[in-house]
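need a structure here:
(one chain, ligands or ions: 1)
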Amino acid sequence: MTHEEAIAVARPRLIFALDVGSAAEAREYVARLAPEVSFFKIGLELFIAAGPAMVEWLVGEGHRVFLDLKILDIATTVGRAVAAAGRLGAEVVTVHAEPAVLDAAARGKVGGRPQVFAVSLLTSEACDFASDRVAKVAGMAVACGIDGLIVAGHAEEIAAVRAVNPALAVICPGIRPVGSDPGDQRRVATPAAAMAAGADYLVVGRPIRDAADPLAAAQAILAEMAEGLLACG
Ligand code: C5P
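Down below sits the predicted model:
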């Protein structure tokens, strides 16, 4: 695989976290990043500010949407919320990693959508037992029939998921290019390291959002992701 081919493989696996406070700002980032990014994460800030219309707009523009609402509630509400996210067009939704929540979320899917991912541990939390926790959540995910886990881009966490079931997908936030500010993130990984460790998708927010040139920052991250893919063959 050439570097260019590796970038083409990496491109659909980069998710930009649209952590902004209004629909207007979000639309501006989407327009600027559209040449390279087609998968966008809507978290609590933007969902509260701009609502479901933002999801519908992104889907209408042909983009993929990861609705990161980290749902935690009684089983009936979890199932109905997941079903509503699917109807809205979200491809991925996150829930808390508790057996009853995962089970209800899996049952809420309609026609296999949306994909449900469990948040194992926030990447802003330092943890000496992250791999143990991740392995436990992966076991729950398999038992409940959900699609994957949100984990740090560390080789031992991703390996812990794959050891339980290689079919579980892995999305990694807390990604920081070499030399960038970790902010409040603790369990960080570089784009190259996370891809080399086997991540399916990387979530990147501030390193792109706060860059003087967000498109150039996204391109540099894609180049780093490509290096990671090439390094693991
Ligand atoms: O700006 P930064 O790249 O740190 O953004 C990371 C994004 O991923 C944020 O939107 C955050 O809410 C989300 N996230 C995370 N850790 C998790 C799950 C989601 O940082 N475990």
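
Quickly find the element holding Ala8.
Assessed by DSSP states H and E, Ala8 sits inside helix 3-10.

which helices and strands does the next helix or strand after that helix pack with?
Using DSSP H and E, the helix or strand that follows helix 3-10 towards the C-terminus is strand 14-17. Other elements packing on strand 14-17 under the criterion 3 or more CB pairs under 8 Å, 6 or more residues apart in numbering; DSSP states H and E are strand 39-42, strand 201-204, helix 206-209, helix 214-231. In short, each C-beta sits where N, CA and C put it, glycine included.

Show me what strand 14-17 is in contact with.
The contact list for strand 14-17 (CB atoms under 8 Å, 6 or more residues apart in numbering) reads 29, 33, 36-37, 39-41, 43, 66, 68, 171, 173, 201-205, 208-209, 218, 221-222, 225.

again, but for stretch 92-109
Outside stretch 92-109, the residues touching it (CB under 8 Å, 6+ apart) are 65-73, 75-76, 78-83, 85-86, 114-120, 137, 140-141, 143-147, 149-150, 171.

can you tell me how far whichever residue of the chain sits closest to the ligand sits from Ala100?
Nearest residue of the chain to the ligand: Gly205, at 2.6 Å (CB to the nearest ligand atom). Distance, Gly205 to Ala100, using CB to CB, to the nearest Å: 30 Å.

of the two, who's got more company?
Ranked by neighbour count (other CB atoms under 10 Å), Gly205 and Ala100 place Gly205 first, with 20 against 12.

ok, that one - contacts?
Contacts of Gly205 (CB under 8 Å, 6+ apart): Phe16, Ala17, Asp19, Lys41, Pro173.

restrict the residues you listed to those near the ligand?
Ala17, Asp19, Pro173 (CB under 6 Å from any ligand atom).

most surrounded residue in those residues?
That'd be Pro173 among the ones next to the ligand among the contacts of Gly205, by other CB under 10 Å, with 27 neighbours.

these two touch, right, that residue and Ile150?
Yes. Using CB atoms under 8 Å, Pro173 makes contact with Ile150 at a distance of 6.6 Å.

which parts of the helix or strand hosting Asp103 are buried?
Here Asp103, judged by DSSP H and E, is contained in helix 99-108. By neighbour count on 16 or more other CB atoms under 10 Å, the buried set for helix 99-108 is Val101, Leu102, Asp103, Ala104, Ala105, Ala106, Gly108.

What ranges does this structure have for its strands?
14-17, 39-42, 64-71, 92-96, 115-119, 148-150, 169-172, 201-204 (DSSP state E).

Could you point out which of those strands sits nearest Ile7?
strand 14-17 (10.1 Å; CB to CB).

tell me which residues of the closest one are tucked away?
Quick answer for strand 14-17 (16+ other CB under 10 Å): Leu14, Ile15, Phe16, Ala17.

Could you dump those residues into JSON lines with pLDDT and distance to Val164 added?
Shown next, in JSON lines, are these (pLDDT from 0 to 100; distance: CB to CB, whole Å):
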{"residue": "Leu14", "pLDDT": "98", "distance to Val164": "26"}
{"residue": "Ile15", "pLDDT": "99", "distance to Val164": "23"}
{"residue": "Phe16", "pLDDT": "99", "distance to Val164": "29"}
{"residue": "Ala17", "pLDDT": "98", "distance to Val164": "26"}
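
All set, thanks.
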